[in-house]
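>>> My questions are about this predicted structure, shown below with the sequence.
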Amino acid sequence: MNGVRRRFTALQRMLHWFMAVCILAMLFIGVGMVSTVMPKYLTLVSIHKPLGIAILVLALLRLVARLREGAPSLPADLPEPMKLAAHLSHYAFYVLMIAMPLIGLGMLSAAAYPVVLFGGVHLPAILPQSDSLHTLLWNAHFYLAFVFFALILLHVAAALFHALVRRDGVFEAMASVSTRDEVEAAE
């Protein structure tokens, strides 16, 4: 072995896949919230708030792990525009994973809505009550969710491109289990 790490650490992979499920669930819950006025709205809200805080905590843990452990290098033959797109998209993911819950928490604070986590823990307001600030933050939260969804679609497309077309090991770096090619390469 030449000392070059080809995969993310087990912790990084676990956080990636667990957060992927949480974020996709959050996006679909959010769509359900804005598209209904039925009694299930309150159930969706009661899930959306603590899940958002959980995503914030997980994103901060993931950021620390990324700063501490780094990431495997991209393939040397990957074109520079693709490398730039990969780096910029990862920055955008971290910004959105942290900003979206904070904007949501700020939006709720500005509307004087309580944020109750599991176990009845109430989070303190982070902003003063203000109808105009609530509206601004609601709009930001709403439209950034579309940006987040588009970024996820691009991310999945890029992962599939690396896995099925280029077959360059980028997908395997985050895959949860070893692939046959990786096992053969290690032998």
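Perfect, I can see it now. Residues are numbered from 1 along each chain as shown.
>>> Tell me the predicted confidence for Leu61.
On pLDDT, Leu61 comes in at 98.
>>> so what's the backbone phi/psi at it?
Main-chain dihedrals, Leu61, degrees, to the nearest 10: phi -60, psi -40.
>>> what sits against it?
Going by Cβ atoms under 8 Å, 6 or more residues apart in numbering, Leu61 touches Leu15. C-beta: built from backbone N, CA, C; applies to glycine.
>>> I'd like the mean pLDDT over stretch 69-86, please.
Here the average pLDDT along stretch 69-86 is 95.
>>> scratch that, stretch 16-30 is what I was asking about
95.
>>> Would you mind pulling the contact partners of that stretch?
For stretch 16-30, contacts defined as Cβ under 8 Å, 6+ apart pick out 8, 44, 47-48, 51-52, 54-55, 58-59, 62, 97, 145, 148-149, 152, 174, 176.
>>> Spatially nearest residue to Tyr94, not counting backbone neighbours?
Spatial nearest neighbour of Tyr94, excluding adjacent residues (Cβ to Cβ, 6 or more residues apart in numbering): Leu63 at 5.8 Å.
>>> what about that neighbour, neighbour count?
Burial of Leu63, expressed as a neighbour count using other Cβ atoms under 10 Å, amounts to 14.
>>> Give me the buried entries from the contacts of stretch 16-30.
Among the contacts of stretch 16-30, those scoring as buried are 8, 44, 47-48, 51-52, 54-55, 58-59, 62, 97, 145, 148-149, 152, 174 (criterion: 16 or more other Cβ atoms under 10 Å).
>>> Which parts of this structure are helices?
10-34, 40-69, 80-110, 131-160, 170-174, 180-186 (DSSP state H).
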